[in-house]
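Q: compute the structure for the input listed below.
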Amino acid sequence: MLSLRDFWRRHKRKVLVSAGVLGTGYVLYKLYNAHRQRLDDLERELASERKRVDELVKDQVQAHFENIQRIADTTTLPHAMHFLSSRIEEELELSHLTDRLMQGKGRPNTLTSSEKLELWDRLKFLSFTKMALSLWTMTLLSLYIRVQV
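A: Take a look at the predicted model:
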């Protein structure tokens, strides 16, 4: 026991300083670790909040886009298509050809067979032109309005 007591007397200050340094180091390590853990938690919370805000903004943009598309589909597009169909009807009038063919049917001697054939050919050509023009212009108009609106 004497040697332990002598050792303690000789090295008491060194042991206490070493224990103090080690204890202080341990406490500082625990404080640093707790601080880092809090920062990581805050970072995760901020990332989740940012993700929520991004999803909210994305949903709002999607809702706005759908609203604009609905407005275009319910107001702008029908009005423009009605105007376009009336213009096509004006430009490619077929009633005068059908009227002449009906007159020829009612009175057989008014039109010759070559005239009837020519009227039918013109009627077929104009009907096909009207149908193709209507399909193309309606598609282009719809695309144009969707892009513009």
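Q: quick check: next helix or strand after the lengthiest helix in the chain?
A: Ranked by residue count under DSSP state H, the longest helix found in the chain is helix 2-71. Moving toward the C-terminus from helix 2-71, the next helix or strand (DSSP states H and E) is helix 77-91.
Q: which neighbouring elements make contact with that next one?
A: When contacts are defined as 3 or more CB pairs under 8 Å, 6 or more residues apart in numbering; DSSP states H and E, helix 77-91 sits against helix 113-148. (Each C-beta comes from the backbone N, C-alpha and C, glycine too.)
Q: any idea how far the spatially most central residue of the chain is from I68?
A: By CA atoms, centre = their mean, the chain has its centre lying nearest to Q62, at 5.9 Å. As for Q62, its distance to I68 is 11 Å (criterion: CB to CB, to the nearest Å).
Q: quick one: low-confidence parts of this protein?
A: Per-residue confidence for the chain (pLDDT under 70) gives these ranges: 1-2, 108.
Q: one more time with 80, if that's ok
A: For the chain, the stretches with pLDDT under 80 are 1-2, 104-111, 149.
Q: pull out the buried positions in stretch 61-71.
A: For stretch 61-71, burial by neighbour count (16 or more other CB atoms under 10 Å) applies to no residue.
Q: now that stretch: how far from the chain's centre is it?
A: Relative to its chain's centre, stretch 61-71 lies at 9 Å (CA atoms, centre = their mean, to the nearest Å).
Q: please apply the same query to stretch 72-80.
A: The answer for stretch 72-80 is 20 Å, by CA atoms, centre = their mean.
Q: output that stretch as PDB, nothing but the C-alphas.
A: C-alpha atoms of stretch 72-80 as PDB (Å, rounded to 0.1, in the frame of the first residue of the first chain):
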ATOM      1  CA  ALA A  72     -60.200  27.200 -73.300                       C
ATOM      2  CA  ASP A  73     -62.300  24.000 -73.900                       C
ATOM      3  CA  THR A  74     -65.600  25.600 -72.700                       C
ATOM      4  CA  THR A  75     -65.400  29.100 -74.100                       C
ATOM      5  CA  THR A  76     -62.600  30.000 -76.500                       C
ATOM      6  CA  LEU A  77     -62.400  26.800 -78.500                       C
ATOM      7  CA  PRO A  78     -66.200  26.400 -79.200                       C
ATOM      8  CA  HIS A  79     -66.500  30.100 -80.200                       C
ATOM      9  CA  ALA A  80     -63.500  29.800 -82.500                       C
END
